[in-house]
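*Asks:* My questions concern the predicted model and sequence given below.
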Amino acid sequence: MQLFYNSNIDKQTKEILFNKEESRHIIKVLRKKENDELQITNGLGFLFTAKIIVASDKKCLAKVTACNYKEKEWNYNLHVAIAPTKNMDRLEWFIEKATEIGIDEITPIICDNSERKIVKTDRLHKIMLSAMKQSLKFTATKINEPKKIGDFINDNKEGSLLIAHCDTGEKTVLKNFDNLSKDIIILIGPEGDFSKNEISIALQKEYFPISLGNSRLRTETAALVAVHTIHLLH
């Protein structure tokens, strides 16, 4: 299946007009013709089937013939707050792979030891959409604007609140966690780890300390291990 994305369509949409870039891809690259079917999602769980009625590489037009709601493949809500990596390729890699596995929300968090303070979320959103379409997901991952970790922690949140850090202290290995709620937030720190003050603030706000194993992991690897472990636990 070749999946397309259009955020402007809903259950009432009768026709879908593709922009010039998408039209060229459909007609020139994929060599679609009139009466060929396309599969489109709006990122909100809906899958639309549409038949091409105008096969133009400048303005391809398709008529909606079916609309179905597709439940998520996972039965929980996972939000990962991750410190941006110095090399943006590594953060982009995490977003791509986490989207393929299944994740609901990602927030870049700026920490005391962060080597990168500025994040362009437009590009991250494009990478997420590409991974969503490639892996045939119908619910888009929400990519939030960066937030200071203190502000993020102080937000009112419910569910299982977890922080993965390398400092000393008692922790539960995530794979052995047996009391997770359906709403899960995991904090993943920068390459220099969270500061002691950040860990203290998180614990005061009832974040539970976790371990991802004995190996010292890169930021993006730790985040992906967390995503995959939660997937397996559920």
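*Replies:* Happy to help now that I have it.
*Asks:* And the strands in this protein?
*Replies:* 3-5, 15-17, 37-41, 46-54, 61-69, 77-82, 105-110, 142-143, 147-148, 160-164, 172-173, 183-188, 208-211 (DSSP state E).
*Asks:* Go through the fifth one and flag the buried ones.
*Replies:* Using 16 or more other CB atoms under 10 Å as the test for burial, strand 61-69 gives 61, 62, 64, 67. In short, each C-beta sits where N, CA and C put it, glycine included.
*Asks:* Please convert those residues to TSV, extending it with distance to residue 22 and pLDDT.
*Replies:* Output for those, formatted as TSV (distance: CB to CB, whole Å; pLDDT from 0 to 100):
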residue	distance to residue 22	pLDDT
61	11	95
62	11	96
64	16	97
67	19	96
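*Asks:* how about the residues you listed in TSV, adding distance to residue 4?
*Replies:* TSV is the format used below for those (distance: CB to CB, whole Å):
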residue	distance to residue 4
61	13
62	9
64	12
67	14
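*Asks:* for those residues, which one is nearest residue 88?
*Replies:* residue 62 (35.2 Å; CB to CB).
*Asks:* which residue packs closest to the closest one, ignoring adjacent ones?
*Replies:* The spatially closest residue to residue 62, leaving aside those adjacent along the chain, is residue 50, at 3.7 Å (CB to CB, 6 or more residues apart in numbering).
*Asks:* didn't the one you found look like it was pressed against residue 38?
*Replies:* Yes. Between residue 50 and residue 38 there is a contact under CB atoms under 8 Å: 5.0 Å.
*Asks:* Give the intersection of the neighbour lists for these two.
*Replies:* 16, 62 (CB atoms under 8 Å, 6 or more residues apart in numbering).
*Asks:* thinking again about what came up before, between the strands of the chain, which one is nearest to residue 133?
*Replies:* Per CB to CB, nearest to residue 133 of the strands of the chain: strand 3-5, 4.5 Å.
*Asks:* per-domain residue ranges of this structure.
*Replies:* 3-69, 77-233 (automatic domain parsing).
*Asks:* And the pLDDT for the most centrally placed residue in the chain?
*Replies:* For the chain, the residue nearest the mean C-alpha position is residue 141 (3.6 Å; CA atoms, centre = their mean). As predicted, residue 141 sits at a pLDDT of 98.
*Asks:* Buried ones in the helix or strand bottoming out on mean pLDDT in the chain, by neighbour count?
*Replies:* Of all the helices and strands that make up the chain, helix 20-24 has the lowest average by mean pLDDT, DSSP states H and E, namely a mean of 91. Buried residues in helix 20-24, counted by 16+ other CB under 10 Å: 22, 23, 24.
*Asks:* Please identify which of the residues you listed is nearest to residue 195.
*Replies:* Closest to residue 195, out of all of the buried residues of helix 20-24 and judged by CB to CB, is residue 22, at 45.2 Å.
*Asks:* measure the closest one to residue 144 for me?
*Replies:* Distance, residue 22 to residue 144, using CB to CB, to the nearest Å: 26 Å.
*Asks:* next one: phi and psi at the residue lying farthest from the centre of the chain?
*Replies:* Distance from the C-alpha centroid of the chain peaks at residue 34, with 34.3 Å (CA atoms, centre = their mean). With angles defined as degrees, to the nearest 10, residue 34 sits at phi -60, psi 140.
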